[in-house]
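Asker: Sequence unavailable; structure follows:
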């Protein structure tokens, strides 16, 4: 299994977390935060799975996933969520960005 497959699998799993996080972390009552987390998490999941066969700087799927990760770094400041949600979002968003940068810089 190539490194990009592992990276994309981890990023896809993080996308699943962001889809279910509003209910598990307890912010499903904030409709803006809920739908943003679900939609951007779903986008992250879909493009990460789609990116299994691509790498390099021209991989648009990884760029979209990287932007989703960057959004989740900013997300807690836009929606003023609780501390545990804030750190989870920042850390997992950062991991998403880092893994996508690694995949983007990978050579086939």
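Answerer: Thanks, I have the structure now. Every value quoted in this text rests on a predicted model; they were computed, and no experiment measured them.
Asker: Please make it C-alpha for all contacts and neighbour counts, starting now.
Answerer: Noted.
Asker: So which residue is smack in the middle of this protein?
Answerer: By CA atoms, centre = their mean, the chain has its centre lying nearest to residue 69, at 4.2 Å.
Asker: Find the nearest non-adjacent residue to that residue, please.
Answerer: Nearest residue to residue 69 in three dimensions, chain neighbours excluded: residue 93, at 4.2 Å (CA to CA, 6 or more residues apart in numbering).
Asker: any idea which helix or strand carries the one you found?
Answerer: For residue 93, the element it lies in under DSSP states H and E is helix 83-105.
Asker: which parts of the helix or strand bottoming out on mean pLDDT in the chain are buried?
Answerer: When the helices and strands of the chain are scored by mean pLDDT, DSSP states H and E, helix 3-24 comes last with a mean of 89. Under the neighbour-count criterion of 16 or more other CA atoms under 10 Å, helix 3-24 has 4-5, 7-22 buried.
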